[in-house]
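>>> Coordinates only, no sequence provided:
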Ligand code: HEM
């Protein structure tokens, strides 16, 4: 029986089914005619944006104050550390030597105990689950236990503890609940797999995402984003607003399908059965992560539930399609005059699947399907969410948008972006870095201890379920100035690409340690390119009369009702690239080293994979 996940069971905001979001919002309410059209450059007047920001800040402060008051009033009861601990802490503050304190602890039998917060689900029902975790973190600190009835979780928001679990002692932890929830769709794919299966598959898959492959993907990103631009062009001509979250979901599905197994979903253009099947399965995975009872495991229900029948049919369609693609690719590889080497890539089909088959990867077709499916999901929802929240953040900060557009105009001109261009788009990259800080995807990393360990000085048993809150780490007032502010300037433009190592685990957009994301470089280029191509052609504002953009959560952070925007074709001043290009040219090596630093990060993670 899969463990239920009480913490993830908070009823989320009712979510519009994705498919209903897959069309431009053409209702009169969202008609472009009523959107704020602004000054000559098409950007929203700053006073309006500032006013909206002030109101949002006030609402946020009110919401926080209410939740803090609930915590203080005892809806969450805290178990304080025992008297000996309090005495020990007091003595420590008075400067009593550590050796004496340890001797004292042993004599009185006092072991440090993790602070405990007892939760009442009703107190926090209307929030995405990581929001109350943030309030609790501010009250109880970098590690605390959250107990719901018989179930308890350790919530980690301290960078050094996160580093210990993800990197230094990663062998002592598995994917726990996550593996149970995802089993139906990913089986033993790379994300849920543990132990020897994970080690073997990681060694097979990582080489497939070599630098030449990622560089070859740039053209694919460009083509797919161009299709999206064309769609926006039509909407702009028709004066229709667009729901960007669903469009980004389609963009990244089209990209990842081609990149992983050379399949063109073409979901930006058509709604085929396979696209619907992918969304049925994705939605089911998210529903399972927020469901109070694992109904999908009840024997009879499993066979009669229309919803589960639909999910099973969708899974069958996807699996059959994958089997066909694998068979087709095998035939291609058989007919090829193969000269396999480290940076091998088939020009006609540069997909990861082709690399794996050409490498002679000895793997069962079930395992191969699990891995492909895992990468499809891992690389699709995450990037779509990053783009959605980046555009949301940009709509709130016209000055950032202006600076971004200036950089893009200067670097790209009217060209389709090349890899060299992407390396020069340093401010655009910082915008993505900052968006990933404020909206990490996923907001929480899940682990389970598989042996006893000591974390942050506290002994823990085997079988502890642990949530590392990346959301808390990324917004911790201990580490960030004005933590809630969208400020790409906080990352020095000439500095290295921020990552978990150079930020000491206060920032982990792609995780860390041996299980770090294998698609970090791929995703960074994909997002930078999409943002650059879109803001070059269009100005974006939140559509007038659109519902407020609120968060809800599944595996990644979604909006509750979509991101309804007005895309307006830009009327740009002529591009005068010369001066700007000269400066950027000089500094471009910094950005190349950013890319290299991503690869060397990966090399470090791989080395520890081999060691572990
Ligand atoms: C912006 C986009 C992306 C973000 C934010 C992201 C984030 C992450 C994070 C945080 C993890 C670590 C999970 C953990 O430790 O529990 C991860 C793992 C993973 N990601 Fe990504 N990812 C992105 C794109 C991609 C892409 C494009 C691919 C595939 C091409 C991919 C494939 C994977 C895989 C296979 C793993 C599991 C690695 C392992 O356990 O060994 N991701 N990702």
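Good, I have the coordinates. The shown structure was predicted, so the numbers you read here are calculated from the model rather than taken from an experiment.
>>> Distance of residue 461 relative to residue 335?
Residue 461 sits at a distance of 55 Å from residue 335 (criterion: CB to CB, to the nearest Å). C-beta: built from backbone N, CA, C; applies to glycine.
>>> Pretty sure residue 508 is one of the things residue 517 touches, is it not?
No - using CB atoms under 8 Å, residue 517 is not in contact with residue 508; the gap is 9.7 Å.
>>> Of the two, give the one with the bigger neighbour count.
Counted by other CB atoms under 10 Å, residue 517 and residue 508 do not tie: residue 508 has more neighbours, with 26 against 19.
>>> so that one, which of the three states?
Assigned by DSSP: H, G, I helix; E, B strand; the rest coil, the conformation of residue 508 is coil.
>>> for it, phi and psi?
When read as degrees, to the nearest 10, the backbone of residue 508 gives phi -140, psi 70.
>>> how close does the residue of the stretch 351-500 of the chain found nearest the ligand get to residue 570?
Closest contact between the stretch 351-500 of the chain and the ligand, by CB to the nearest ligand atom, is at residue 379 (2.9 Å). For residue 379, the distance to residue 570 equals 30 Å [CB to CB].
>>> who has more neighbours, these two?
The neighbour count for residue 379 versus residue 570, taken as other CB under 10 Å, is higher for residue 379 (24 against 16).
>>> quick one: contacts for the more buried one?
Listed by CB atoms under 8 Å, 6 or more residues apart in numbering, the contact set of residue 379 reads 252, 255, 256, 259, 260, 519, 522, 523.
>>> Out of those, flag the one nearest to residue 227.
residue 255 (10.4 Å; CB to CB).
>>> For that closest one, grab the count of nearby residues.
Residues near residue 255, counting by other CB under 10 Å, number 26.
>>> Correct me if wrong, but it is in a helix.
Yes - applying three-state DSSP, one finds residue 255 inside a helix.
>>> Report the contact partners of the nearest residue to it once chain neighbours are set aside.
Distances taken as CB to CB, 6 or more residues apart in numbering place residue 224 nearest to residue 255, at 5.0 Å, with adjacent residues excluded. By CB under 8 Å, 6+ apart, residue 224 lies in contact with 251, 254, 255, 258, 268.
>>> SS state for residue 459?
Applying three-state DSSP: residue 459 is strand.
>>> Tell me what it is bridged to.
Note on residue 459: beta-bridge partners residue 454, judged by DSSP bridges.
>>> Between the contacts of residue 224, which sits nearest the ligand?
The ligand lies nearest to residue 255 out of the contacts of residue 224, by CB to the nearest ligand atom, at 8.4 Å.
>>> you'd agree that closest one is up against residue 526?
Yes - taking contacts as CB under 8 Å, residue 255 lies within contact range of residue 526: 6.2 Å.
>>> shared neighbours of these two, which are they?
Taking CB under 8 Å, 6+ apart as the criterion, residue 255 and residue 526 both touch 217, 221, 383.
>>> Distance of the closest residue to residue 100 other than its chain neighbours relative to the ligand?
Excluding the flanking residues, the one nearest residue 100 by CB to CB, 6+ apart is residue 91, at 7.9 Å. Residue 91 is 39 Å from the ligand, where distance means CB to the nearest ligand atom, to the nearest Å.
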